[in-house]
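Trainee: Predicted model follows, preceded by the sequence.
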Amino acid sequence: MATILNGKELAKKINQKTKEEVVALTNRGVKPGIAVILVGEDPASLMYTRSKQRKADKLGMTSVLKKFPMDASQSEVIEAIHELNVDDSINAILVQAPLPKQISQSEVTEAIAPQKDVDGFHPENLGRLYGNEASNYPVACTPKGIMRILKEYQIPTVGKRAVIVGRSILVGKPMAALLLNADATVTITTSHTTNLAKITSDADIIVSATGIGHLIKSDYIKPGATVIDVGIEQNSEGKLIGDVDYDDIFDKAGAITPVPGGVGPMTIATLMSQTVELAKWSH
């Protein structure tokens, strides 16, 4: 029977610490601030944006939402980013994905000042991550949150074989860098990888982030493996499920994150704690 890696409970602990740090910083005249840019009316983006705003407000931070219509130009969005870059009340800038087709995600990301890039996607911050630099810089929140889960539950990475399913810049690639930096042996795969089950079944740690419901089943893992499920979707019955067939592998895995209540809450908690870190580093 697997140990349940309860991201929801760990996120509560992180949020409490973040709240205390916000109070301490505010008392010193430094109130952490986060700005979110939203383009369009995508329902999921609206939900995520509101969730982030509510959490920032609850933790005592300054929170700013800049909304643009779906037909906004790239120059309008980048101009707003430039204004936030020089706004001393804002320590963290986040542009909610997806963006409409007339706006380049890469150009928007590069417009954000690296020291305010709370998502950790700016090329300068990615370079520092891949270079395993010891300096202060933001890291993609979902992978950073996963590393916190592994640390909290004392799951070793040194010398362990880790397989990541999914190669996105949001999760897969920064996750690989973090695990490599933690002395794991890392393989990156995709949902199209030939004989995927053969590769994942040799892993001590599996991180799956494809968005394909129940891709990872019992025959994809070895007994005792740690399985981190990043994917989330709604099945035909309206139930939220992840990449991992939780019920099928529960008795075989050594540890597993549930969906919901696993990685999701940790991403938001990490976003908030990283905003506080950016405020500290800027002062």
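Mentor: In hand now; what should we look at? Keep in mind it's a predicted model, so treat the numbers as computed, not measured.
Trainee: Going by C-alpha atoms from here, please, whenever you check contacts or count neighbours.
Mentor: Will do.
Trainee: so what strands line up beside the lowest-mean-pLDDT helix or strand in the chain?
Mentor: When each helix and strand of the chain is scored by mean pLDDT, DSSP states H and E, strand 233-234 comes last, with a mean of 86. Counting by DSSP bridges, the strands paired with strand 233-234 are strand 240-241 (antiparallel).
Trainee: tell me the mean pLDDT over the strand it pairs with?
Mentor: Mean per-residue pLDDT for strand 240-241: 92.
Trainee: Other residues contacting the helix or strand following it?
Mentor: Downstream of strand 240-241, the next assigned helix or strand under DSSP states H and E is helix 246-249. With contacts defined as C-alpha atoms under 8 Å, 6 or more residues apart in numbering, helix 246-249 is touched by H214, K217, S218, I221, P258.
Trainee: With distance to P32 and pLDDT as extra columns, can I get those in TSV?
Mentor: Conversion of the contacts of helix 246-249 to TSV gives the following (distance: C-alpha to C-alpha, whole Å; pLDDT from 0 to 100):
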residue	distance to P32	pLDDT
H214	39	96
K217	42	97
S218	44	98
I221	42	98
P258	31	97
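Trainee: can you list these in a markdown table and add neighbour count?
Mentor: Formatted as a markdown table, those follow (neighbours: other C-alpha atoms under 10 Å):
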| residue | neighbour count |
| --- | --- |
| H214 | 18 |
| K217 | 16 |
| S218 | 19 |
| I221 | 24 |
| P258 | 24 |
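Trainee: Which residues does the least confident helix or strand of the chain contact?
Mentor: By C-alpha under 8 Å, 6+ apart, the residues outside strand 233-234 that reach it are G211, I212, G213, L240, I241, G242.
Trainee: May I ask which of those has the most neighbours?
Mentor: Within the contacts of strand 233-234, neighbour counts (other C-alpha atoms under 10 Å) peak at G242, which reaches 27 neighbours.
Trainee: Break down the stretch 151-283 of the chain into its helices, ranges please.
Mentor: Assigned by DSSP state H, counting those that start in this stretch, the stretch 151-283 of the chain shows helices spanning 172-181, 196-200, 246-249, 263-282.
Trainee: now the ones you listed in CSV, with mean pLDDT, distance to T62 and mean neighbour count?
Mentor: Listed next are the helices of the stretch 151-283 of the chain as CSV, based on pLDDT from 0 to 100; distance: least, C-alpha to C-alpha, whole Å; neighbours: other C-alpha atoms under 10 Å:
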stretch, mean pLDDT, distance to T62, mean neighbour count
helix 172-181, 98, 28, 22
helix 196-200, 98, 43, 18
helix 246-249, 97, 38, 17
helix 263-282, 97, 11, 23
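Trainee: Of all these, which one is nearest L25?
Mentor: With C-alpha to C-alpha, the closest approach to L25 among the helices of the stretch 151-283 of the chain belongs to helix 263-282: 7.9 Å.
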